[in-house]
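Asks: From the sequence below, what's the structure:
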Amino acid sequence: MSVLENVLKDELNRLQNLLQFYYGEIEKYPKECLSIKKRNKQKYGYLVSKEDKKLKFQYLGNINVPKVSKLLDDFSKKKKLKSNIKKVEGELKEIERVLNGRKSKSIL
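Replies: Next up, the predicted model:
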């Protein structure tokens, strides 16, 4: 086994653990989505969820209310976690290709 192969296996392990951590973290946030609607020059927050294949909107209040602003922060953190998950999954695929000997798309 070469040193490079050991490094790649360690990186594969690290990325798999990181992916599990991200999935655990994302479970802490609400599954619903937050919708911001503008009415009469004011912005209001609505919690959007699916029930029986229909969207349900729950009024939360003005976006300046602490509850709504906390939800805005939570949803931005959740969005960042989702983008991190996509990056990690891409890196995992790339490392698995290298370890399994498949040809990758490289520019030569």
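
Asks: Just the local confidence number for the residue nearest in space to the middle of the chain, please.
Replies: When CA atoms, centre = their mean is applied to the chain, the residue found nearest the centroid is K82 (1.0 Å). The predicted structure scores K82 at 94 on the pLDDT scale.

Asks: Wait, a helix at it?
Replies: Yes: under DSSP: H, G, I helix; E, B strand; the rest coil, K82 sits within a helix.

Asks: ok, now which ones touch it?
Replies: Contact partners of K82, counting by CB atoms under 8 Å, 6 or more residues apart in numbering, are I26. (Glycine included, C-beta is placed from N, CA and C.)

Asks: what about it, distance to E91?
Replies: 15 Å (CB to CB, to the nearest Å).

Asks: Equivalent analysis for Q20, please.
Replies: In terms of CB to CB, Q20 sits 15 Å off from E91.

Asks: Ok, S76 next?
Replies: 23 Å.

Asks: Quick check on these two: which one has the bigger neighbour count.
Replies: E91 (16 against 11; other CB atoms under 10 Å).

Asks: and that one, what does it touch?
Replies: E91 touches L15, counting by CB under 8 Å, 6+ apart.

Asks: do the same with D74
Replies: Y29, P30.

Asks: now do 10 Å
Replies: Contacts for D74 were tallied using CB atoms under 10 Å, 6 or more residues apart in numbering; they are K28, Y29, P30, L34.
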